[in-house]
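Peer 1: fold the following and give me the result.
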Amino acid sequence: MKKFLTIVLALLVAIPAAVYADGTLTMDYSLFETVLRTIDTAGDVSWLTTPAGSAELSYSSTGNRNVKSEVALSIVMPDISTADFGLPKDLSFALVSLDKAYVKARFPEFRLTAGKTRLSWGDGFVFNAGDILFDSLSTAVDLTSSEVRSDTDWLVSVNVPLGRFSFAEAVLLPPDDMDLGHLSAGGRLYTTIESLKLETGYMFTYDAAQTGYEHRLSLGLQGNLEADWYLSGAVSLPGPGYDTAGTLFEDSLDITAGLFYIHQIDSVRTLTLGLESLIQPYESWAESAGGKDYGIFLYPEIGFTPNDTVSLSLRSIYSPIDGSAQVTAGGSWNVFQGFSLLGYLIGQVGDDDDLFSWGNTDPGWTSLTCMVGVNYIY
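Peer 2: Predicted coordinates:
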């Protein structure tokens, strides 16, 4: 009910914007037929097929160079049955979520952002230790998405320019439990030294599991030496009331690094290469059955566009310690303006007890996914 009321409120806020300001309404719709190799409740291999899809409806304001707003809803299919929740009638409904609802205003001396949105702290497509707002470190990601990290939250931020390529930013996030004393607050400083970008961040947050506060610190560098490179590190220190403070530094130390290179073969064909790493020095560096907290992970990526309408990609999350990987191969063909055909093959490559395992017999484990579908933007 709370989510429903939030969506209704966002729509009510959007209606006056649509009436009194110029704007653009956009629908991004994807529909797939999916085949899965998965494990059933008896531990046996099952081949399943199911339709799947998503749609994003967004309204963005235009016409005012000093104010920008956007409201975006996402709808995930197939429908969810009310019988799954023990309700008497077997009705169905789509899973609807409010992804964005924000306003950005540019004043002479600062910029204000308020609402549900995302701030881009740090650098990294999959692994980004500098993103201490949204914790962009998990290996459980959807590599078929054009934007792997897209989490948003309610926040208020003020950005103050300090020069042509420098600014300071302060941010305030409301607590999940609505307790005023559990607000999260922080900021970052962004500057450049010749061609080198330097970014530092700080967040003061409440950890409900530890019934105390922690200080989260980050430092990042970004530059270019033929290829774009970036390096970030983050760590947490105990604050007031924090329990088990003795292991916080070791548990929270994260280092990410990446390289990204674009090679223009000719006027049409383009080759892109990327490599990112996540290093957690105090996690396990020895192979263990089904281990998830390893000390290093890699994300390699290859992209190729043979012409103006076709793009191919190969992406993977690789665990060097146990030698397993989740591999995603995909392609898209832009047949007409706004209309594309899509195809993805996602497989787990590893031994039975590896993190990314082909032979895992846990119920619900999916070792192979084949997706064929369409995407239409209008």
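
Peer 1: please report how far the closest residue to D251 other than its chain neighbours lies from E250.
Peer 2: For D251, ignoring the flanking residues on the chain, the nearest one in space by CB to CB, 6 or more residues apart in numbering is Y282 at 6.9 Å. In this view, the C-beta of every residue, glycine as well, is placed from N, C-alpha and C. Using CB to CB, to the nearest Å, Y282 is found at 4 Å from E250.

Peer 1: and for P175?
Peer 2: From P175 to E250 the distance is 27 Å (CB to CB).

Peer 1: check I262 too.
Peer 2: Counting by CB to CB, the gap from I262 to E250 is 37 Å.

Peer 1: ok so, going back, please, which helix or strand holds the residue nearest to D251?
Peer 2: Y282 is part of no helix or strand when elements are defined by DSSP states H and E.

Peer 1: hang on, it packs against L253?
Peer 2: Yes - here Y282 reaches L253: they are 6.1 Å apart, a contact under CB atoms under 8 Å.

Peer 1: who are the neighbours in contact with the closest residue to D293 other than its chain neighbours?
Peer 2: Spatial nearest neighbour of D293, chain neighbours left out: E283 (4.6 Å); criterion: CB to CB, 6+ apart. Contacts for E283 (CB atoms under 8 Å, 6 or more residues apart in numbering) come out as D293, Y294, G295.

Peer 1: and with 10 Å instead?
Peer 2: E283 makes contacts with E250, D251, L253, D254, G291, K292, D293, Y294, G295, I296, F297, I321, as judged by CB atoms under 10 Å, 6 or more residues apart in numbering.

Peer 1: and what of T369?
Peer 2: Counted by CB under 10 Å, 6+ apart, T369 has contacts 32, 34-38, 52, 144, 328, 344-348.

Peer 1: same thing with F297?
Peer 2: If you count contacts by CB under 10 Å, 6+ apart, then F297 has 126-127, 137, 139, 256, 276-280, 283, 317-321, 325, 355 around it.

Peer 1: same question for D131.
Peer 2: So D131 contacts 118-124, 137, 149, 151, 201, 218, 220, 232, 234, 256 (CB under 10 Å, 6+ apart).

Peer 1: just the buried subset of the residues you listed, please.
Peer 2: 118-119, 121-124, 137, 149, 201, 218, 220, 232, 234, 256 (16 or more other CB atoms under 10 Å).

Peer 1: give me the pLDDT for S97.
Peer 2: S97 is assigned a predicted lDDT (pLDDT) of 90.

Peer 1: beta partners of it?
Peer 2: Taking DSSP bridges as the rule, S97 bridges to S74.

Peer 1: what helix or strand is the closest residue to F304 other than its chain neighbours on?
Peer 2: Spatial nearest neighbour of F304, chain neighbours left out: L312 (4.8 Å); criterion: CB to CB, 6+ apart. Using DSSP H and E, L312 maps to strand 310-319.

Peer 1: hey, C-alpha coordinates of that strand in CSV?
Peer 2: This file holds the C-alpha atoms of strand 310-319, laid out as CSV (Å, rounded to 0.1, in the frame of the first residue of the first chain):
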residue,chain,number,x,y,z
VAL,A,310,24.3,-3.9,-35.4
SER,A,311,26.1,-4.2,-32.1
LEU,A,312,27.7,-7.2,-30.4
SER,A,313,29.0,-7.7,-26.9
LEU,A,314,30.7,-10.2,-24.6
ARG,A,315,30.7,-9.5,-20.9
SER,A,316,31.6,-11.6,-17.9
ILE,A,317,32.0,-11.6,-14.1
TYR,A,318,35.1,-13.8,-13.5
SER,A,319,36.3,-15.2,-10.2
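
Peer 1: does anything pack onto that strand? Which helices or strands?
Peer 2: strand 270-279, strand 296-305, strand 324-336, strand 339-349 (3 or more CB pairs under 10 Å, 6 or more residues apart in numbering; DSSP states H and E).

Peer 1: for the stretch 1-150 of the chain, just list every one of the helices.
Peer 2: For the stretch 1-150 of the chain, helices defined by DSSP state H, counting those that start in this stretch occupy the ranges 2-20.

Peer 1: pLDDT score for the nearest residue to D351 once chain neighbours are set aside?
Peer 2: Nearest residue to D351, sequence neighbours excluded (CB to CB, 6+ apart): S357, at 6.5 Å. Note on S357: pLDDT of 94.

Peer 1: same thing with T82?
Peer 2: pLDDT, read off for T82, is 54.

Peer 1: check R216 too.
Peer 2: For R216, the model assigns a pLDDT of 96.

Peer 1: and for it, the neighbour number?
Peer 2: Using other CB atoms under 10 Å, R216 has 20 other residues around it.

Peer 1: what is it paired to in the beta sheet?
Peer 2: For R216, the beta-bridge partners under DSSP bridges are M203, S236.

Peer 1: over to G53?
Peer 2: As for beta bridges, G53 partners with L31, M77 under DSSP bridges.

Peer 1: what separation do you get for the residue nearest to F304 and V335?
Peer 2: From L312 to V335 the distance is 16 Å (CB to CB).

Peer 1: these two: who's more crowded?
Peer 2: Set L312 next to V335 and count neighbours by other CB under 10 Å: L312 wins out with 15 against 11.

Peer 1: residue contacts, that one?
Peer 2: Residues counted as contacts of L312 (CB under 10 Å, 6+ apart) are I302, G303, F304, T305, P306, A329, G330, G331, S332, W333, G343.

Peer 1: farthest pair in those residues?
Peer 2: Maximum pairwise distance among these (CB to CB): 18.1 Å, between I302 and W333.
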